[in-house]
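[1] coords please:
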Amino acid sequence: MERSMKLDKITLGTCYYPEHWPEEMWEEDLQRMLENGIEVIRIAEFAWSKIEPREGEFTYEFFDRFLEKAEKAGMKVIFCTPSATPPAWLTNKYPEVLNANMDGVLYRHGCRRHYNYNSPKYQELVTRIAEKSAAHYASHPAIIGWQIDNELNCEKNEFYSESDTIAFRVFLKKKYHTLDALNEAWGTVFWNQTYTDWEEIYVPRPTPSNATNPHEVLDYVRFVSDSTCFFAKMQSDILKKYVKPGDFITTNGLFGNLDNHRMTEESLDFITYDSYPNFAYCLDSYESEKDGLRDRKWSRNLAEARAVSPVFGIMEQQSGANGWNTRMEAPTPKPGQMTLWTMQSIGHGADYVSYFRWRTCTMGTEIYWHGILDYSGRDNRRLAEVKQIHKMVGALEPVTGSHYRAEVGIVKDYDNLWDAGLDMWHQRVDRESSKSLFAACQKTHTPFDFCYLDHMRAEDLFRYKVLFYPHATIVTSEMSEKLTAYVEQGGCLVLGCRTGYKDETGKCVMSRLPGLLQPLTGTDIPEYTFVSPADGTVYADWDGVQIEACIFNDLLEPLTEQARVEARYVSSYYAGTPALISNAKGKGRVFYFGGAFHEHTARVFLEKLGVAQPYGDILALPEGCELTVRESTDQSRYFFVMNYLEETAEICLKEVFLDLFEGKEAEGKLELPPYGTKVLAKINSINR
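    Predicted structure coming up:
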């Protein structure tokens, strides 16, 4: 199912909080927004008390007055359900709605997201406020869409209340039916953890050395995701009864312990993301920077949003300095960076970009989370930049509804994503390979997609020339079948070390590695080891090119006549042992690499497999620039070239392009100023 905002043009918006400002300011604010190119506002996500100030007492006058002014001004509105911040009367009367830490201590009123999804009382009260809000406001002509809650699983994505334990037991009974099946799946015979009654099972609790049963915790994370999806669907089902035809339902953010694909498929028309690239310039992030990508790293998050919704929205886009009074410090965007980050979002597939926020709040925890306007509200540099962005976005009308184009996919799935968050052995290789593959794609200007195998059909994979699946620790028969079909149809699959050694419970398999994928890879793994610090860096030789096999090494052996040794280790005690084996299967080929992917190693793979710099024959860019490509249904292509450097970058156009911002043809050498952006079109170009 295609999920998009179905906008007729790329649109700018902002987040507004009428409850923070005197009513006499509303009309002027709305008019100033429109004058500067802002056409949509998001409201009400933290305003439960404005609709239900006391239990069972509902009043709609506040937002009625605001919506009347919005309609009169011609401003479109995204209205929110307010469940992210239950009011004081609720948490004081019903403390069972509160989340708790692992020790069972309740989180109290005074911040946000202090509730748990599984409290029957909270579900009852959220159902009521959502029903009352939608029944009253959904028909309003100014409203074009709804946001559920705010940033589900932000702040806390673990839940340890009594309600969660009760719901966890229900979840497990539904999954396993019997305690015998659960004990087998969790391996409870280890350390005498066997359960004889469902009442003996709790959400994870503190233990000596912080050791937990990994199979239980994996199911617990699945439970958290299930609870979040249920909570979103509970509200979405209500909203669907009232929204006008054409109005949408969404939510914002991409957070952990949550299957965002499932949530979107069940409850949303599309996902929206909250993009804050200048957190790359926080002190800790900046000092630990090694790959030089900094704010470009947010493109990885945008790729995650695009994996959920090919065309998506940005509900909160960086517009000012960020931070709370208790944590986080980030600088004000430099001149041009707001434009750069906006085009970064659009280049990756966003058709809606909403800036957080219009006015900087003068009270509360987010007094340092700046918006477009500072405390005084006077015109400033950032407002002028928004107005200029609106002019630029007007030139991008042909781009609306087009899709990001990539021939390389990085395969993921939620079980392995969650396992890497729980298993330190898995986490080490996964973290290295994830950042390295992203950096290599960025610096070689190789567009890529994240491909979630558990939410894709085998035929969805066929459009990619190369798929990287760095460390599929957990492999199921269904996953194996999809990957095999991809390779047999002519695809090229690249696997890394630590593949296939667990089943879906997280238990290690007793078959020869890489487990279920051994027939596909034609590879055996008789031995494996962490790279010893005493050995230093371990390299492998691939046709005269040395590549680093970092962190962990599988020692490989070919199993079939079709399996070919491509590279051998050249260091450590296993020098001479195969480090890379390729295996022909059907029309395609699979490569098994015995290490994690260092950035240089990832780049070599891209180059040797013929997918690096797919547009190098028509334009040349320095590493400091990012390239994204969007393609429309008529195969017109739009090349977003973005300069993240503080210095001018030279790009070379080897063919004639249409410069959308300038409205004229462009060819040859061009200069991009610091943080500058170009959008270059190849109209109706079937062959580049």
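[2] contacts and neighbour counts: CA atoms only from here.
    Noted.
[3] now residue 20: how far from residue 359?
    10 Å (C-alpha to C-alpha, to the nearest Å).
[4] quick check: residue 552 touching residue 531?
    Yes. Residue 552 lies in contact with residue 531 (C-alpha atoms under 8 Å); the separation is 5.2 Å.
[5] more crowded one of the two?
    The neighbour comparison of residue 552 against residue 531 (other C-alpha atoms under 10 Å) goes to residue 552, with 21 against 18.
[6] just the strands in the stretch 251-400 of the chain please.
    272-275, 312-318, 350-356 (DSSP state E, counting those that start in this stretch).
[7] mind putting these into TSV with mean neighbour count, distance to residue 137 and mean pLDDT?
    What follows is the strands of the stretch 251-400 of the chain, written out as TSV (neighbours: other C-alpha atoms under 10 Å; distance: least, C-alpha to C-alpha, whole Å; pLDDT from 0 to 100):
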stretch	mean neighbour count	distance to residue 137	mean pLDDT
strand 272-275	26	22	98
strand 312-318	28	20	97
strand 350-356	27	22	98
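[8] turn these into CSV, including distance to residue 483.
    Supplementary listing: the strands of the stretch 251-400 of the chain in CSV, determined by distance: least, C-alpha to C-alpha, whole Å:
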stretch, distance to residue 483
strand 272-275, 29
strand 312-318, 27
strand 350-356, 29
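[9] nearest to residue 458, of these?
    strand 312-318 (23.5 Å; C-alpha to C-alpha).
[10] now stretch 371-391: buried residues?
    371-374, 382-383, 385-387, 389-390 (16 or more other C-alpha atoms under 10 Å).
[11] now swap in stretch 477-493 and tell me
    Buried, per 16+ other C-alpha under 10 Å, within stretch 477-493: 479-480, 482-493.
[12] what is the rounded mean pLDDT of it?
    Across stretch 477-493, pLDDT averages out at 98.
[13] which residues are contacting it?
    With C-alpha atoms under 8 Å, 6 or more residues apart in numbering as the test, stretch 477-493 has contacts from 453-454, 457-459, 461-462, 464-469, 516-517, 520, 585-591.
[14] quickly list what the nearest residue to residue 595 once chain neighbours are set aside is bridged to.
    With C-alpha to C-alpha, 6 or more residues apart in numbering as the criterion, residue 595 has its nearest non-adjacent residue at 4.4 Å, and that residue is residue 549. Beta bridges link residue 549 to residue 597 when assigned by DSSP bridges.
[15] what's residue 549 in contact with, if anything?
    Applying C-alpha under 8 Å, 6+ apart, the residues contacting residue 549 are 537-540, 594-598, 601.
[16] just the buried ones from the residues you listed?
    538-540, 594-598, 601.
[17] how about the helices in the stretch 551-688 of the chain?
    599-608 (DSSP state H, counting those that start in this stretch).
[18] give me the low-pLDDT residue ranges for it?
    For the stretch 551-688 of the chain, applying pLDDT under 70 flags the ranges 685-688.
[19] number of nearby residues for residue 39?
    So residue 39, with other C-alpha under 10 Å, has 18 neighbours.
[20] show the pLDDT at it.
    98.
[21] for the protein, longest strand please?
    strand 649-659 (DSSP state E).
[22] show me what residue 528 bridges to in the sheet.
    Counting by DSSP bridges, the residues bridging with residue 528 are residue 554.
[23] dump the residue contacts of it.
    So residue 528 contacts 552-555 (C-alpha under 8 Å, 6+ apart).
[24] residue 625 versus that one, what's the distance?
    39 Å.
[25] just residue 318 next, same as before
    From residue 318 to residue 625 the distance is 20 Å (C-alpha to C-alpha).
[26] tell me where the stretch 501-650 of the chain has strands.
    523-530, 539-542, 545-550, 552-558, 563-569, 578-585, 588-593, 596-597, 619-620, 625-631, 637-643, 649-659.
[27] make JSON lines from these and add distance to residue 299 to it.
    Shown next, in JSON lines, are those (distance: least, C-alpha to C-alpha, whole Å):
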{"stretch": "strand 523-530", "distance to residue 299": "31"}
{"stretch": "strand 539-542", "distance to residue 299": "30"}
{"stretch": "strand 545-550", "distance to residue 299": "25"}
{"stretch": "strand 552-558", "distance to residue 299": "28"}
{"stretch": "strand 563-569", "distance to residue 299": "32"}
{"stretch": "strand 578-585", "distance to residue 299": "30"}
{"stretch": "strand 588-593", "distance to residue 299": "26"}
{"stretch": "strand 596-597", "distance to residue 299": "20"}
{"stretch": "strand 619-620", "distance to residue 299": "20"}
{"stretch": "strand 625-631", "distance to residue 299": "9"}
{"stretch": "strand 637-643", "distance to residue 299": "12"}
{"stretch": "strand 649-659", "distance to residue 299": "20"}
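[28] mean neighbour count, the ones you listed: which tops it?
    strand 596-597 (a mean of 30; mean count of other C-alpha atoms under 10 Å).
[29] packing partners for that one?
    helix 424-443, strand 545-550 (3 or more C-alpha pairs under 8 Å, 6 or more residues apart in numbering; DSSP states H and E).
[30] show me what it is in contact with.
    429-430, 432-433, 436-437, 470, 496-497, 548-553.
[31] try it again with 6 Å
    429, 433, 549-550 (C-alpha atoms under 6 Å, 6 or more residues apart in numbering).
[32] how about those in TSV, adding distance to residue 303 and pLDDT?
    Listed next are these as TSV, based on distance: C-alpha to C-alpha, whole Å; pLDDT from 0 to 100:
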residue	distance to residue 303	pLDDT
429	21	98
433	16	98
549	26	98
550	25	97
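[33] show me the domain layout of this structure.
    11-399, 408-608 (automatic domain parsing).
[34] and those: which comes nearest residue 620?
    Closest among the domains of the chain, once you apply C-alpha to C-alpha, is domain 408-608, at 9.2 Å.
[35] buried residues in stretch 60-80?
    63, 66-67, 69-70, 75-80.
[36] what of stretch 394-404?
    For stretch 394-404, by 16+ other C-alpha under 10 Å, it's 394-396, 398-404.
[37] same question, stretch 248-255
    So for stretch 248-255, counting by 16+ other C-alpha under 10 Å, buried means 248-255.
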